Structures are given as C-alpha cells and as structure tokens.
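K.L.:
Model the following, please.
(chains A and B)
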Amino acid sequence: SQQGEEDPQALSIQEGENATMNCSYKTSINNLQWYRQNSGRGLVHLILIRSNEREKHSGRLRVTLDTSKKSSSLLITASRAADTASYFCATDLLKGGYNKLIFGAGTRLAVHP
Amino acid sequence: KAGVTQTPRYLIKTRGQQVTLSCSPISGHRSVSWYQQTPGQGLQFLFEYFSETQRNKGNFPGRFSGRQFSNSRSEMNVSTLELGDSALYLCASSSRTASYNEQFFGPGTRLTVL
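P.N.:
Numbering: from 1, shown residues only, chains lettered A, B, ... in the order given. This is a model prediction of the structure:
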C-alpha cells in the first residue's frame, strides 16, 4: 500500500502562475523526496528534505515539511510549459529498511502557454 | 558521470514466458533498487541490492527475483509472466556514502505481456 497521498490529483494552470502540490504520509520518515516524471519516462530527482528540515529551495522549487502534520508541499514558481509532468513525493521510512522509497499517487500538472 | 542505464527499453512477451531486465548504476553507486509502475498500483518497491546482497524486499510474489553482480550491475527476472506484469520497471541507484537515500532513476524498461 502507498504511504503518501497527494493532492490535487491533477492541476491545470497558465504559464507564469505558481503551482502547489501537497503530500501527506502516515509513518515517521528519514526524509521526503520529490520527483518529476514526463510521460511514463524515468523519474527525475528534484529535491530531498530531511526530517529535521522545515523548508528547502532549489531554483524555482520550494519544499516545506511539517512532520507534526506528516505533510509536505512542493511549490513551483513562475511555471513554464516545460514543467508539464507528473510529480511524486516519496518517503524514506524511519523503519522501512534500506533505500526503500514509498511513493504517493502523484499530481499531474499541466501548464498551458 | 553517466546516469543510470536500463536495457532493454521496451520488451514484448507472452504469458508464461520469463524475462530478464538489466540495470547499470551510476559509477561508484553500490545500491540498486527496483520499482514497478502501473496505472492501477502506482510506483511500488520491488527489492534493493547492495554489494551483491538483497537487503530489502517489497510485497511481490516469488516470480520476481533479482541479483547484483560484483560491478554493481543488477538484473531482475520475472518468471511465468502474467498479463498484470505489464508495467514500467524502473531501477534506481544510490551512493552508500550519502547520509540520506537520494536515489537516481534510469529511464525504465516498458514490459508488455500479451
């Protein structure tokens, strides 16, 4: 079973707007990672946030983590058509064992020119 | 560094056959994990290998197996294929020296079972 729940399931915005995706999980984690996937291809690692971190930035990406609420959000600012993809959160469980990521169902983002 | 490579990229098999997929990790990475992605179940962890040893396993039947070689390359095998095994199979590599499990994924092998 999947650890994470992501919402929304689908998001449609215009270029230049911001996109926010949320992820919730159930059990304690070492870290949480966000990935992007274009049209059924491989996953591209975007950002990793550790359980003792609250916010992290990478370019136009901002990730927050609230371990008390067991939730994370990914913000993409000034979106571009090239950001169109599916975005997944993945948790590395505290007691999950080595390199075992549990993925959410993903958010499909469509950015329209 | 070259990224994670997977071969073949596409594969068509029939029910009852077996298949072997290959994954070459990023140079220096000693951990290789395998995942199955289907529209219905999403991304699910299959197993993880490190230094030729399976350290972790997901909830898949014994028809799914894997191994890792001394050069860290990994293979996964699915025997007695079923229609439901049609999926994108992804492998990921990770550096043991990392204090966190950042994983880098390959492009995947698209398996279709007819």
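K.L.:
Spell out which residues belonging to chain B are near chain A, please.
P.N.:
B:4, B:31, B:33, B:35, B:37, B:42-45, B:48, B:50, B:55-56, B:58, B:88, B:90, B:92, B:94, B:100-108, B:110 (C-beta under 8 Å from any C-beta of the partner chain). Quick note: C-beta positions are derived from backbone N, CA and C, even for glycine.
K.L.:
Run the contact check for stretch A:24-34 versus chain B.
P.N.:
Yes: Stretch A:24-34 lies within reach of chain B by C-beta under 8 Å from any C-beta, at A:Asn30, A:Asn31, A:Gln33.
K.L.:
Pretty sure the second one sits against A:Ile47.
P.N.:
Spelled out, it's A:Asn31. No: assessed by C-beta atoms under 8 Å, A:Asn31 is found out of contact with A:Ile47, at 10.3 Å.
K.L.:
Looking at the two now, which is surrounded by more residues?
P.N.:
A:Asn31 (21 against 17; other C-beta atoms under 10 Å in any protein chain shown).
K.L.:
Just the residues of stretch A:24-34 next to chain B: which are in strands?
P.N.:
A:Asn30, A:Asn31, A:Gln33 (DSSP state E).
K.L.:
Next, format those as TSV and append pLDDT.
P.N.:
As requested, those are exported to TSV (pLDDT from 0 to 100):
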residue	pLDDT
A:Asn30	85
A:Asn31	88
A:Gln33	93
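K.L.:
Thanks again, I'm all set now.
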